[in-house]
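> coords please:
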Amino acid sequence: MSLSMTDQERLDELEAQAESAYAEMYDNPTAAAARYSDAKEALYDAIGLAQRLGKMDVASRLDARLAHIKAVFRSQFAGIG
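Numbering: from 1, shown residues only. Okay, here's the model as predicted:
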């Protein structure tokens, strides 16, 4: 990895982090709340970056993904712990 990332690379990395955290919710249900928090944080950062870059279509797609992850967590994991 280079020392300096482009904005697109950072956006891609944030989205990948969110998807990884989402997958880990299923891999380790006892840590689901922590991974859910990680996924939300990465997506909030990605949405903000996309908006700053004027990529409103990407921001909208990421916002929809965030809503989906929230709904999944609430329906499948909220009672764990």
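> Now find how far off-centre the helix or strand harbouring residue 23 is within its chain.
Taking DSSP states H and E as the definition, one finds residue 23 inside helix 7-27. Averaging C-alpha positions (CA atoms, centre = their mean, to the nearest Å) puts helix 7-27 5 Å from its chain's average.
> and the helix or strand following that helix, what does it pack onto?
Using DSSP H and E, the helix or strand that follows helix 7-27 towards the C-terminus is helix 32-52. If you count contacts as 3 or more CB pairs under 8 Å, 6 or more residues apart in numbering; DSSP states H and E, helix 32-52 packs onto helix 7-27, helix 56-76. Quick note: C-beta positions are derived from backbone N, CA and C, even for glycine.
> what's the spacing between the nearest residue to residue 45 once chain neighbours are set aside and residue 24?
With sequence-adjacent residues excluded and distances taken as CB to CB, 6 or more residues apart in numbering, residue 45 is closest to residue 14, at 5.2 Å. Distance, residue 14 to residue 24, using CB to CB, to the nearest Å: 16 Å.
> Show me which of the two is the more surrounded one.
Neighbour count, other CB atoms under 10 Å: between residue 14 and residue 24, residue 14 has more, with 21 against 17.
> can you tell me which residues contact that one?
Going by CB atoms under 8 Å, 6 or more residues apart in numbering, residue 14 touches 42-43, 45-46, 49.
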